[in-house]
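**Student:** sequence and predicted model, in that order:
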Amino acid sequence: MSSAFKEGAAEIAAKDSLFSLRSSRWRKPLRLRGKGPSWAGLALLVLAADIVLAAAVWQAVNFFSH
(Lines give C-alpha, C1' and ligand atoms only; values in the text may rest on other atoms or scores of the structure.)
Protein backbone atom coordinates (compact mmCIF):
# COMPACT_ATOMS: atom_id res chain seq x y z
CA MET A 1 0.00 0.00 0.00
CA SER A 2 1.10 3.54 -0.56
CA SER A 3 1.99 5.78 2.35
CA ALA A 4 -0.64 8.36 1.28
CA PHE A 5 -3.35 5.72 1.53
CA LYS A 6 -2.14 4.67 4.97
CA GLU A 7 -2.11 8.28 6.17
CA GLY A 8 -5.59 8.89 4.77
CA ALA A 9 -6.92 5.74 6.40
CA ALA A 10 -5.32 6.73 9.71
CA GLU A 11 -6.93 10.19 9.55
CA ILE A 12 -10.34 8.71 8.78
CA ALA A 13 -9.99 6.20 11.61
CA ALA A 14 -8.95 8.95 14.03
CA LYS A 15 -11.86 11.18 13.00
CA ASP A 16 -14.29 8.27 13.23
CA SER A 17 -13.07 7.32 16.70
CA LEU A 18 -13.34 10.94 17.86
CA PHE A 19 -16.84 11.17 16.41
CA SER A 20 -17.96 7.96 18.09
CA LEU A 21 -16.39 9.11 21.36
CA ARG A 22 -18.20 12.45 21.18
CA SER A 23 -21.48 10.87 20.15
CA SER A 24 -21.29 8.29 22.93
CA ARG A 25 -20.73 11.08 25.45
CA TRP A 26 -23.84 12.88 24.21
CA ARG A 27 -26.06 9.84 23.75
CA LYS A 28 -25.96 8.54 27.33
CA PRO A 29 -27.06 11.77 29.08
CA LEU A 30 -29.81 12.26 26.52
CA ARG A 31 -31.13 8.77 27.21
CA LEU A 32 -31.01 9.41 30.94
CA ARG A 33 -32.67 12.77 30.47
CA GLY A 34 -35.35 11.14 28.35
CA LYS A 35 -36.13 8.53 31.01
CA GLY A 36 -35.66 10.77 34.04
CA PRO A 37 -38.22 13.47 33.33
CA SER A 38 -40.91 10.95 32.39
CA TRP A 39 -40.67 9.32 35.83
CA ALA A 40 -40.34 12.67 37.57
CA GLY A 41 -43.25 14.06 35.58
CA LEU A 42 -45.37 11.04 36.43
CA ALA A 43 -44.51 11.41 40.12
CA LEU A 44 -45.37 15.12 40.05
CA LEU A 45 -48.63 14.39 38.24
CA VAL A 46 -49.63 11.81 40.85
CA LEU A 47 -48.65 14.20 43.65
CA ALA A 48 -50.65 17.04 42.11
CA ALA A 49 -53.69 14.78 41.63
CA ASP A 50 -53.40 13.65 45.25
CA ILE A 51 -53.28 17.25 46.50
CA VAL A 52 -56.26 18.27 44.36
CA LEU A 53 -58.26 15.26 45.52
CA ALA A 54 -57.37 15.94 49.17
CA ALA A 55 -58.45 19.59 48.81
CA ALA A 56 -61.73 18.53 47.17
CA VAL A 57 -62.47 16.03 49.94
CA TRP A 58 -61.57 18.65 52.58
CA GLN A 59 -64.00 21.13 51.02
CA ALA A 60 -66.73 18.48 50.73
CA VAL A 61 -66.35 17.50 54.38
CA ASN A 62 -66.44 21.16 55.44
CA PHE A 63 -69.50 21.82 53.27
CA PHE A 64 -71.53 18.89 54.59
CA SER A 65 -70.44 19.17 58.23
CA HIS A 66 -71.54 22.82 58.62
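**Tutor:** Structure's in. What do you need? All figures in this text were calculated on a predicted structure; none of them were measured in a lab.
**Student:** where does this structure have low pLDDT?
**Tutor:** Scanning the chain for pLDDT under 70 picks out 1-10, 13-36.
**Student:** can we see that at 80?
**Tutor:** 1-37, 66 (pLDDT under 80).
**Student:** tally of neighbours for residue 52?
**Tutor:** 10 (other CB atoms under 10 Å). From N, CA and C alone the C-beta is placed, and that goes for glycine too.
**Student:** which SS state does it fall under?
**Tutor:** helix (DSSP: H, G, I helix; E, B strand; the rest coil).
**Student:** if I look at it, how far off is residue 11?
**Tutor:** Using CB to CB, to the nearest Å, residue 52 is found at 61 Å from residue 11.
**Student:** likewise residue 39?
**Tutor:** Separation of residue 39 from residue 11 (CB to CB) stands at 43 Å.
**Student:** go on, residue 51?
**Tutor:** For residue 51, the distance to residue 11 - CB to CB - is 60 Å.
**Student:** now residue 64
**Tutor:** Separation of residue 64 from residue 11 (CB to CB) stands at 79 Å.
**Student:** show me which residues of stretch 52-62 are buried.
**Tutor:** Judged by neighbour count (16 or more other CB atoms under 10 Å), stretch 52-62 contains no buried residues.
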